[in-house]
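[1] no letters, just coordinates:
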């Protein structure tokens, strides 16, 4: 909870004056007045922050949490020096109002998610309003939301040409993957287990937003548990994993990936015996999950190619280089692309 005393003190010194000369309709249907000229922007969740980074990195003025090691790789130098102000996810799910006031963003993006986030979003919107910071809501729960979200953010930031370029890529990828796997018989869908945590015995159940790429890439999530919370990471036993006996295991943590190769119990699992255990690419941001982001547009191609190379043949080194050039503004060598695709 925000400390009332701090909030009151900050409000007394936050007599911000902005020229609101444009009214937009955000992705929740709300009418919001925003400055005609936006120079600094923040987002209160990592998915929106990363999208802001790819559309207008020069405008990104604050982060939700300190950068981790992977996030410092292949991102611009300025990204490493941006102040941390917290948000809906990260830094204890609180806003550092002192930092936010120093940033003085022209607009803040909020993630319109599920009902359980409504109360938090409403509180943050109220605080932002009192600070004179327009709050606009974005819908980006699934990868299918990304094309529209890119266009929306580009419109808000007056970066429409850039957003249109990214939108065309996103739409093209989703259409190509869908067409390639449209006629895939049910018995050809590859069984997949998503290993989270240091021991690999946390996972996500069927229908979780964290595993949406599995069915979209022609896979079948072996875990049928219904999500018990938005945070996910449902715990299972080793015995349950042996019963699942998946064809493929996707691993989030490098330490877990290394342990799987050495642990005798894991060698009883079909995917391990057949050497079909893959550490998910995670540079500069995870391609699959946690946090979900536009990197999933590359992740869905990586996974479709892994699971069904006959139906989705792709030179992933070439595609990775093209993606990084377009979305991240970095030119990779073949060796760098291979290191990203197959982390060790």
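    Alright, I've got the coordinates. Because the structure is predicted, anything quoted here is derived from the model rather than measured.
[2] distance of residue 253 relative to residue 279?
    8 Å (Cβ to Cβ, to the nearest Å). All C-beta spots, glycine's among them, are computed from the backbone N, C-alpha and C.
[3] no no, residue 142
    24 Å.
[4] now do residue 224
    Look at residue 224 and residue 279: by Cβ to Cβ, they are 25 Å apart.
[5] quick one: which of these two has more around it?
    Remark: of residue 224 and residue 279, residue 279 carries more neighbours, 19 against 10, as counted by other Cβ atoms under 10 Å.
[6] which residues sit in contact with the closest residue to residue 246 other than its chain neighbours?
    Counting by Cβ to Cβ, 6 or more residues apart in numbering, residue 246 lies nearest to residue 193, which is 4.0 Å off, once chain neighbours are set aside. Applying Cβ atoms under 8 Å, 6 or more residues apart in numbering to residue 193 gives the contacts 203, 221, 222, 223, 241, 244, 246, 248, 249, 250, 271.
[7] okay, and which of those residues map to strands?
    203, 221, 248, 249, 250 (DSSP state E).
[8] what's the most distant pair in the residues you listed?
    Using Cβ to Cβ, the two most remote members of the ones in strands among the contacts of residue 193 are 203 and 248, lying 13.2 Å apart.
[9] quick one: which of those two has more around it?
    residue 203 (27 against 22).
[10] for the more buried one, which residues make a bridge with it?
    residue 234 (DSSP bridges).
[11] double-check it against residue 236; I have them as touching.
    Yes - in terms of Cβ atoms under 8 Å, residue 203 counts as a neighbour of residue 236; the distance is 6.1 Å.
[12] give me the common contacts of the two.
    Counting by Cβ under 8 Å, 6+ apart, the residues touching both residue 203 and residue 236 are 223, 225.
[13] so how do I select the buried members of the contacts of residue 193 in ChimeraX?
    Applying 16 or more other Cβ atoms under 10 Å to those, the buried members can be selected in ChimeraX as follows:
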select :203,221,222,223,241,244,246,248,249,250,271
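[14] now, among the contacts of residue 193, which is nearest to residue 32?
    residue 221 (37.5 Å).
[15] how would you label residue 109: helix, strand or coil?
    strand (DSSP: H, G, I helix; E, B strand; the rest coil).
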